[in-house]
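Q: What follows is a predicted protein model with its sequence.
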Amino acid sequence: MHVSLRQLQVFLCVAQCRSFSQTGQTLGLTQSAVSRAMVELEGQLHVRLLDRTTREVLLTDAGQLLAQKAAPLLQELADTLAEVADVGHAARGQVRMASSPTLSAALMPACIAACNRELPQVQLQLVDRLQQEVLAQVRSGDVHFGLVVEPPELGDLDCINLLHDPFVAVLPPGHALVQQAHDATSLRWDQLRGEALVLLDHASGSRRLMDAALLASGCGPEHSPVVQEVGHVTTAFRMVEAGIGISIMPGLAIPAHGLSSLQVRDLRPQVQRAIMLVRRRQRSLPAAAQAVWDLVARRLTTLPPQ
């Protein structure tokens, strides 16, 4: 049996109008097209549905039964299709986004507040994880997308660059390099040669970039030993305060109000890390997740340069 949805729609309109010509006007069909649809429907069902006289169209017992049963079914189907379309276009529901700790602290509070204001029907849940876990959760689909420092390779991920964040040196106030800073605001990378370093460990997306910059400036491990590797920026700051070594940090890791007990100096030549949004390649985001992706991208690409 190959009854089409269109045949049923035409039949229900005929059942309501009791006229082929009026049905045609309602549905934008010719009278012959309406007649053909009814002949085809009766042929598929092997039963007469309509008795047509010169003045009106009457329903047979089978036609009355079909009209009674089909009308609510087609309405339910229409409601279902509308609901599916609404899901595809409406920005509502929960969105899970992953981000590494430094980026979560520096960038996400303002984005979450903006989401609460601009997308009140969306609940943005931030998953705060180390970079490798962020990438793993994006790939597995546990989160809709992630905010990361440029990974060494993207593979099956799509990305957009949002901003660039330069590295800075963090030193105790009385350190000799504080006095050598160019214009009291910057240091050269090669001035770090011979200094003990306290760095973020390799779970950080930034460590690979720090190591490359140190090596390029002649400050490899044999010249500038890494005496402590830590997982959190606050731990590194406390170690610098204690005189264990100096640190290199992304600019975004420095609080907006600065570090009252430490000195921060720009590093020249400037080396930056790229901050990007990543998502699974060739996978459409739900409407709510796409709305949050667009909001985060819009806000972070308009931040003033560091």
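A: Here it is on my side, so go on.
Q: export the helix or strand of the chain with the lowest mean pLDDT as PDB, just CAs?
A: Within the chain, no helix or strand scores below helix 176-180, which has a mean of 80 by mean pLDDT, DSSP states H and E. Taking C-alpha atoms only, helix 176-180 is exported to PDB below (Å, rounded to 0.1, in the frame of the first residue of the first chain):
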ATOM      1  CA  ALA A 176      68.200  41.600  39.300                       C
ATOM      2  CA  LEU A 177      66.300  41.300  36.000                       C
ATOM      3  CA  VAL A 178      63.600  43.800  37.300                       C
ATOM      4  CA  GLN A 179      66.300  46.500  37.200                       C
ATOM      5  CA  GLN A 180      67.400  45.400  33.700                       C
END
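Q: in the longest strand along the chain, what counts as buried?
A: In the chain, assigned by DSSP state E, the strand with the most residues is strand 157-171. Neighbour-count burial for strand 157-171, with 16 or more other C-beta atoms under 10 Å as criterion, is recorded at 157, 159, 162-163, 165-171. Backbone N, C-alpha and C define where each C-beta goes, glycine included.
Q: what about that strand, average pLDDT?
A: Averaged across strand 157-171, pLDDT comes to 94.
Q: can you check stretch 239-248 too?
A: 95.
Q: So which other helices or strands are in contact with the helix or strand where residue 248 lies?
A: Secondary structure from DSSP states H and E places residue 248 in strand 246-250. Here strand 246-250 touches strand 157-171, strand 197-200, helix 233-241, going by 3 or more C-beta pairs under 8 Å, 6 or more residues apart in numbering; DSSP states H and E.
Q: right, and these - which one's nearest residue 265?
A: strand 157-171 (4.7 Å; C-beta to C-beta).
Q: Just the CA trace of that closest one, in PDB.
A: Coordinates of the C-alpha atoms in strand 157-171 are reproduced here as PDB (Å, rounded to 0.1, in the frame of the first residue of the first chain):
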ATOM      1  CA  LEU A 157      38.600  19.100  14.700                       C
ATOM      2  CA  ASP A 158      37.400  22.300  13.100                       C
ATOM      3  CA  CYS A 159      38.600  25.500  14.800                       C
ATOM      4  CA  ILE A 160      38.400  29.300  14.600                       C
ATOM      5  CA  ASN A 161      41.100  31.600  16.000                       C
ATOM      6  CA  LEU A 162      39.700  34.100  18.500                       C
ATOM      7  CA  LEU A 163      42.700  36.100  19.900                       C
ATOM      8  CA  HIS A 164      46.400  35.900  20.600                       C
ATOM      9  CA  ASP A 165      47.800  36.000  24.100                       C
ATOM     10  CA  PRO A 166      51.500  37.000  24.600                       C
ATOM     11  CA  PHE A 167      53.800  35.400  27.200                       C
ATOM     12  CA  VAL A 168      55.200  37.500  30.100                       C
ATOM     13  CA  ALA A 169      57.900  37.000  32.700                       C
ATOM     14  CA  VAL A 170      56.900  37.000  36.400                       C
ATOM     15  CA  LEU A 171      59.600  37.900  38.900                       C
END
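Q: Which strands and helices lie in contact with it?
A: By 3+ C-beta pairs under 8 Å, 6+ apart, strand 157-171 packs against helix 131-140, helix 176-180, helix 207-216, helix 233-241, strand 246-250, strand 263-268, strand 272-280, helix 287-301.
Q: which one is residue 70 nearest to, not counting chain neighbours?
A: With sequence-adjacent residues excluded and distances taken as C-beta to C-beta, 6 or more residues apart in numbering, residue 70 is closest to residue 8, at 5.5 Å.
Q: Which elements pack onto whichever strand or helix holds residue 109?
A: Per DSSP H and E: residue 109 is located in helix 101-118. When contacts are defined as 3+ C-beta pairs under 8 Å, 6+ apart, helix 101-118 packs onto strand 122-128, strand 145-149, helix 287-301.
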